[in-house]
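J.: got a structure for you, letters missing:
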């Protein structure tokens, strides 16, 4: 599933970053770290796609702060870190799509989700329902929003995204 237009790819990546926000919040609490660069960019990117923020320079400033913060994070081989890294990659890709029409990390992000499910299964977690949930989100996005061409993105997308209150890994907000 790769939408043709950058606005649609950006929206999909934003969805992955937003739906998994509870993991960022849990990681913040666990690691005692400031995740404000993530949440600020998430809010600015959302506002940009809604058409509420029109300054690319403003968005780029928050993107640069996020990128610097992300580069300073200490990687870990834990499942929690991998989910956080997925969130970071999704938010990065969502914003990068705005600045580079050729940016298309959707298949990489989808594979990352699949890889995390595989690790969860290896650790004894039941992932069949989670995989079904992810597949239904992908299918709905493909049928309803993959043809988004312009910013601002359809208000229906944001209503749909707001209805998702469980992460791809089963954590509720």
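T.: Perfect, I can see it now. Just so you know, these numbers come straight off a predicted model, no measurement behind them.
J.: Can you give me the distance of the residue of the chain most remote from its centre to residue 169?
T.: Relative to the centre of the chain, and counting by CA atoms, centre = their mean, the farthest-placed residue is residue 124 at 25.5 Å. Distance from residue 124 to residue 169, counting by CB to CB, to the nearest Å: 14 Å. (Each C-beta comes from the backbone N, C-alpha and C, glycine too.)
J.: show me what contacts residue 158?
T.: Neighbouring residues of residue 158 by CB atoms under 8 Å, 6 or more residues apart in numbering: 46, 50.
J.: Would you quantify the distance from it to residue 52?
T.: 11 Å.
J.: Which positions in the helix ranked longest in the chain come out as buried?
T.: For the chain, the longest helix by residue count, based on DSSP state H, is helix 79-99. Across helix 79-99, burial judged by 16 or more other CB atoms under 10 Å covers 79, 81-98.
J.: Determine the angle, from 0 to 180 degrees, between the lowest-mean-pLDDT helix or strand in the chain and helix 79-99.
T.: Lowest by mean pLDDT, DSSP states H and E among the helices and strands of the chain is helix 21-31, with a mean of 94. Interaxial angle of helix 21-31 relative to helix 79-99 (axes from the mean of the first three to the mean of the last three CA atoms, to 10 degrees): 130 degrees.
J.: Can you identify the element that follows helix 21-31 toward the C-terminus?
T.: As assigned by DSSP states H and E, the chain's next helix or strand after helix 21-31 is helix 36-50.
J.: angle of that following helix against helix 21-31?
T.: Angle of helix 36-50 versus helix 21-31, following the same axes, to 10 degrees, is 170 degrees.
J.: Starting from helix 36-50, tell me the next helix or strand along the chain.
T.: Per DSSP H and E, the first helix or strand lying C-terminal to helix 36-50 is helix 56-71.
J.: chain center to that next one: distance?
T.: Relative to its parent chain, helix 56-71 has a centroid offset of 16 Å by CA atoms, centre = their mean, to the nearest Å.
J.: what residues does that helix touch?
T.: Contacts of helix 56-71 (CB under 8 Å, 6+ apart): 37-38, 40-41, 44-45, 48, 53, 88, 91-92, 95, 98-99.
J.: Between which two of the residues you listed is the distance greatest?
T.: 53 and 88 (20.6 Å; CB to CB).
J.: Can you tell me the closest non-neighbouring residue to residue 39?
T.: Leaving aside its sequence neighbours, residue 39 sits nearest to residue 24 (CB to CB, 6 or more residues apart in numbering; 7.6 Å).
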